[in-house]
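Asker: What follows is a protein structure lacking sequence information:
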């Protein structure tokens with residue numbers, strides 16, 4: 001879906017009936033805070049579907065106020081404060097710890113439901129997974145813990161590789177450090193070397209690909225920036241004929257060789273479920289932080305053939321989806 005179509009989708013509130021708009025004062029409002037609306041529209045549909053299953057339909061008996069930082073993270077505190085002034089009933093945050101922390105800093109009373117890919121206890125978002133306490137709870141879709149497995153799968157696709165390039169976003173400092181710890185341990189166990197590549201802009205992504213050795217596969221770490229630039233990443237991998245492994249299926253759907261990670265659409269659905277529970281009176285402190293347990297391996301066999309790779313039958317057999 002093109003960005004313009006996506007913005008039209010999430011901006012549908014402008015088309016609600018006048019009668020419904022006139023009743024906004026009596027209808028609960030969800031504050032939806034994110035870095036940017038640059039993700040598959042299916043994710044937001046999953047969130048809305050979960051709300052519907054909880055008895056809430058956007059535009060009928062619940063409203064959603066969307067706030068996007070457009071990748072300017074320094075805007076997040078002001079956006080969160082705006083939602084607090086709007087007196088929303090609950091704030092749902094996506095796309096990483098900075099978004100969740102901005103909401104947490106803005107209010108100690110309005111419930112917050114987050115979706116992050118790192119350990120929320122280690123980050124300091126909650127006191128514990130079982131008893132988060134305060135006004136904050138949410139979901140952790142595991143990512144760093146899958147690092148070793150994704151590297152192992154990449155090595156199965158390119159068994160002769162002695163070195164693997166690893167692309168990280170240094171702006172995500174805590175997450176990047178955790179990812180590098182995991183990948184260095186896994187690489188040492190496999191007997192492969194690591195070539196570290198840093199990029200936090202589109203131009204730096206271009207520059208990073210130019211330094212990857214022709215015979216080196218690429219491991220792309222999880223990052224909201226990389227998700228936004230997924231088409232650029234996939235096209236560069238094709239241009240330089242680099243076998244690459246990515247953290248989510250959206251990369252493979254755009255032509256990436258392989259992805260392994262949490263089912264993010266399912267995570268958005270669970271985010272919607274928790275948001276619905278808060279709207280029906282549940283306290284965040286009574287809702288344990290959930291860990292997403294649904295993962296998926298997607299292999300783009302067309303891209304593999306283009307790269308001259310033969311995907312092992314054993315790998316095809318365990319794939320959740322093979323794109324031909």
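Answerer: Thanks, I have the structure now. What you see is a predicted model, and the numbers here were worked out from it, not measured in a lab.
Asker: can you tell me the helix or strand for the residue lying closest to residue 310 once chain neighbours are set aside?
Answerer: The shortest distance from residue 310 to any non-neighbouring residue, by Cβ to Cβ, 6 or more residues apart in numbering, is to residue 304 (7.3 Å). C-beta here means a position set from N, CA and C on the backbone, and glycine is covered the same way. Using DSSP states H and E, residue 304 maps to helix 301-306.
Asker: check contacts around residue 83.
Answerer: Applying Cβ atoms under 8 Å, 6 or more residues apart in numbering to residue 83 gives the contacts 31, 33, 65, 67, 91, 103, 106, 110.
Asker: tell me which of these is nearest to residue 82?
Answerer: residue 67 (6.5 Å; Cβ to Cβ).
Asker: What residue, apart from its backbone neighbours, is nearest the closest one spatially?
Answerer: residue 79 (4.1 Å).
Asker: Likewise for residue 105?
Answerer: Of all residues not flanking residue 105 in the chain, residue 77 sits nearest, at 6.6 Å (Cβ to Cβ, 6+ apart).
Asker: Is the one you found in contact with residue 107, as I believe?
Answerer: No: with contact defined as Cβ atoms under 8 Å, residue 77 does not count as touching residue 107 (11.5 Å).
Asker: Next, the distance between the ends of stretch 116-129.
Answerer: 13 Å (Cα to Cα, to the nearest Å).
Asker: same thing with stretch 245-259?
Answerer: The first-to-last residue distance of stretch 245-259 comes to 5 Å (Cα to Cα).
Asker: Can you list the low-confidence ranges for the protein?
Answerer: Low-confidence segments of the chain, defined by pLDDT under 70: 1-25, 143-145.
Asker: and the most centrally placed residue in it, how far is that from residue 49?
Answerer: Centroid-nearest residue in the chain: residue 95, 5.5 Å away (criterion: Cα atoms, centre = their mean). Going from residue 95 to residue 49 by Cβ to Cβ, to the nearest Å gives 20 Å.
Asker: Next: residue 71.
Answerer: From residue 71 to residue 49 the distance is 27 Å (Cβ to Cβ).
Asker: picking that back up, contact partners for the residue nearest to residue 310?
Answerer: So residue 304 contacts 157, 257, 310-311 (Cβ under 8 Å, 6+ apart).
Asker: Tabulate those residues in CSV, adding columns for neighbour count, distance to residue 165 and secondary structure.
Answerer: Output for those, formatted as CSV (neighbours: other Cβ atoms under 10 Å; distance: Cβ to Cβ, whole Å; DSSP: H, G, I helix; E, B strand; the rest coil):
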residue, neighbour count, distance to residue 165, secondary structure
157, 21, 14, helix
257, 30, 14, coil
310, 9, 22, coil
311, 19, 20, coil
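Asker: from these, which two are the most distant?
Answerer: Pairwise distances across those peak at 12.5 Å for 257 and 310 (criterion: Cβ to Cβ).
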